[in-house]
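Student: Dropping a prediction and its sequence here:
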There are 2 protein chains.
Amino acid sequence: MENLIEYLLLFGNLNQQQIDLISQKATETELRKEDYFSEAGKIPRQVGYVVEGILRVCYYNNKGEEVTKYFTEEKQFIVDINSFDNNVSSTEYIQAVTDCKLIVFSKPDWEDLSNTIIGWDNIVNKIIRKALLQKVERRSPLISEDATTRYLAFMEKYPHLVNRIPLSYLASYLGITQSSLSRIRKNIC
Amino acid sequence: MENLIEYLLLFGNLNQQQIDLISQKATETELRKEDYFSEAGKIPRQVGYVVEGILRVCYYNNKGEEVTKYFTEEKQFIVDINSFDNNVSSTEYIQAVTDCKLIVFSKPDWEDLSNTIIGWDNIVNKIIRKALLQKVERRSPLISEDATTRYLAFMEKYPHLVNRIPLSYLASYLGITQSSLSRIRKNIC
DNA sequence: GAAATCATTTGCCATTTGACAAAAAGCGAT
DNA sequence: ATCGCTTTTTGTCAAATGGCAAATGATTTC
């Protein structure tokens, strides 16, 4: 829990009373590898903060292929923000890649925080904006480079992820086939 | 100018006094094709709203190749939001692809609006969040599909852009060479 | 309108990547 | 250790894409 509070304080100030309130609303929980945090077709009902573990965002494209769109690391919020905010069904899945420890807030609790804590919205906005910017910056270079360069870039950006995720997820994140990724690895090592 | 106000009102309410204030701060201006709205290495000093015309965001990758990262259409704000907010140098260029009509706000005026108009930050946040989400959604599919599919998807998403932008920009946006794009076009038509 | 300049298309060949299938390696349950 | 299952690697071949250079087409300038 301190982990989360520390993280929030990077984005704005909170007094002890506010911190206590946040802690009250928060629930620590765990996800097993391959469990879903949220699913396509359902309206997301909670916001999560990743204390430990890796999750991924994925969807099925119109050929029915599973595409991994994003990986999250520790110390990040995770939620399909668009669907959550607008109360509409998700178009994507959020799935645990490894066993995970999360702190979650139900939607009503999350809204209470917004109504009770002056400056909460501001903190949340900063976090979301940063996360979205990061997403854009991480995904964009994947388009203009060849597969080997993309893999090398991935290893640089996520040095501690590469050995914890299955090849198939990584391949679909990089937009290449599993065999191609396997060959690339062979050539590099 | 009505164009801008109309757009803002989609995201929140503004009374006449507030609208007048916004109008006072706004400057209508034009950019010629290939002019830069903002440049890499400089700290962005203004926020723009595109009334007419197309702009693109581009940068040079570490091989020195120019990469088009994004196109903007009419009725959108344009700014390197990260650099603008944090007062740091841009890493990318924003350039007019066609002649453009813009409405711009200087940074001090923009901040005045934030300090004067209750709810301004809220409106701006909604707009930025939407824009960032859109960016992610537009760029992501470019990774997992083959070049022809990407081109077809581009034509669907930007039906009125395809014939107004040079092939070279589009090729670098799609992450393929100019010759490949030319061949793809040949095969499709 | 001719020359100069820039953008797009095409040809040729090398390289990368994909599709498919089979083999090998890893892993858990017994 | 062995079996059964899944994941990763490898092989073979075909298709897609890139690199380079030349040709063609379009636009601007004088």
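Tutor: Nice, thanks for sending it over.
Student: how about the residues of chain A near DNA strand C?
Tutor: Chain A comes close to DNA strand C at residues A:146-148, A:175-177, A:179-180, A:183-184, as judged by CB under 7 Å from any atom of the strand. From N, CA and C alone the C-beta is placed, and that goes for glycine too.
Student: buried subset of those?
Tutor: For those, a burial check counting by 16 or more other CB atoms under 10 Å in any protein chain shown picks out A:147-148, A:175-176, A:184.
Student: For those residues, give me CSV that also has secondary structure and distance to A:Glu137.
Tutor: Shown next, in CSV, are these (DSSP: H, G, I helix; E, B strand; the rest coil; distance: CB to CB, whole Å):
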residue, secondary structure, distance to A:Glu137
A:Ala147, helix, 20
A:Thr148, helix, 20
A:Gly175, coil, 17
A:Ile176, coil, 20
A:Ile184, helix, 23
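Student: Give me the domain ranges for chain A.
Tutor: Following automatic domain parsing, chain A resolves into domains at A:2-138, A:140-189.
Student: would CSV of those domains with distance to B:Gln76 and mean pLDDT be doable?
Tutor: Shown next, in CSV, are the domains of chain A (distance: least, CB to CB, whole Å; pLDDT from 0 to 100):
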stretch, distance to B:Gln76, mean pLDDT
domain A:2-138, 15, 95
domain A:140-189, 18, 93
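Student: could those domains go into TSV alongside distance to DNA strand D?
Tutor: As requested, these are exported to TSV (distance: least, CB to the nearest atom of the strand, whole Å):
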stretch	distance to DNA strand D
domain A:2-138	9
domain A:140-189	3
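Student: got a markdown table for these, with distance to B:Ile19 too?
Tutor: Below are those laid out as a markdown table (distance: least, CB to CB, whole Å):
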| stretch | distance to B:Ile19 |
| --- | --- |
| domain A:2-138 | 24 |
| domain A:140-189 | 36 |
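Student: Which positions within the biggest helix by length in chain A qualify as buried?
Tutor: Counting residues, the longest helix found in chain A (DSSP state H) is helix A:120-139. Using 16+ other CB under 10 Å as the test for burial, helix A:120-139 gives A:120-121, A:123-125, A:127-129, A:131-133, A:135-136, A:138-139.
Student: For the residue nearest the centre of chain A, give the beta-bridge partners.
Tutor: Nearest residue to the geometric centre of chain A (CA atoms, centre = their mean): A:Thr72, 3.7 Å. A:Thr72 has these beta-bridge partners by DSSP bridges: A:Leu55.
Student: Check the spacing between it and A:Ser179 real quick.
Tutor: Note on A:Thr72: its distance to A:Ser179, by CB to CB, to the nearest Å, is 27 Å.
Student: A:Leu31 now?
Tutor: Distance, A:Leu31 to A:Ser179, using CB to CB: 30 Å.
Student: again with A:Leu9
Tutor: 46 Å.
Student: With A:Phe11 instead?
Tutor: Distance from A:Phe11 to A:Ser179, counting by CB to CB: 43 Å.
Student: same check, this time on A:Glu2
Tutor: Going from A:Glu2 to A:Ser179 by CB to CB gives 45 Å.
Student: and if you look at A:Lys157?
Tutor: Using CB to CB, one obtains 23 Å as the distance from A:Lys157 to A:Ser179.
Student: what do you get for A:Glu111?
Tutor: Separation of A:Glu111 from A:Ser179 (CB to CB) stands at 47 Å.
Student: cool, A:Glu39 as well?
Tutor: 29 Å.
Student: so what's A:Cys100 up against?
Tutor: By CB atoms under 8 Å, 6 or more residues apart in numbering or on different chains, the contact set of A:Cys100 is A:30-31, A:50-55.
Student: swap in A:Tyr59?
Tutor: Going by CB under 8 Å, 6+ apart, A:Tyr59 touches A:40, A:66-67, A:69, A:91-93.
Student: Just give me the neighbour total for A:Thr27.
Tutor: 13 (other CB atoms under 10 Å in any protein chain shown).
Student: And it, its phi and psi?
Tutor: Dihedral angles phi and psi of A:Thr27 (degrees, to the nearest 10) take the values phi -120, psi 130.
Student: where's it relative to DNA strand C, distance?
Tutor: In this structure, A:Thr27 and DNA strand C are 29 Å apart, going by CB to the nearest atom of the strand, to the nearest Å.
Student: Quick check: the gap between that residue and A:Lys33.
Tutor: Distance from A:Thr27 to A:Lys33, by CB to CB: 20 Å.
Student: repeat for A:Glu2
Tutor: 26 Å.
Student: These two: which is more packed in?
Tutor: When neighbours are counted by other CB under 10 Å, A:Glu2 and A:Lys33 differ, and A:Lys33 comes out ahead with 12 against 8.
Student: Might one say that the more buried one is in contact with A:Asp99?
Tutor: Yes. Counting by CB atoms under 8 Å, A:Lys33 does reach A:Asp99; the two are 5.3 Å apart.
Student: residue contacts, the nearest residue to A:Arg139 once chain neighbours are set aside?
Tutor: Spatially, and ignoring its direct neighbours in sequence, A:Arg139 is nearest to B:Arg139 (5.4 Å; CB to CB, 6 or more residues apart in numbering or on different chains). By CB under 8 Å, 6+ apart, B:Arg139 lies in contact with A:136, A:139-140, A:143, B:69-70.
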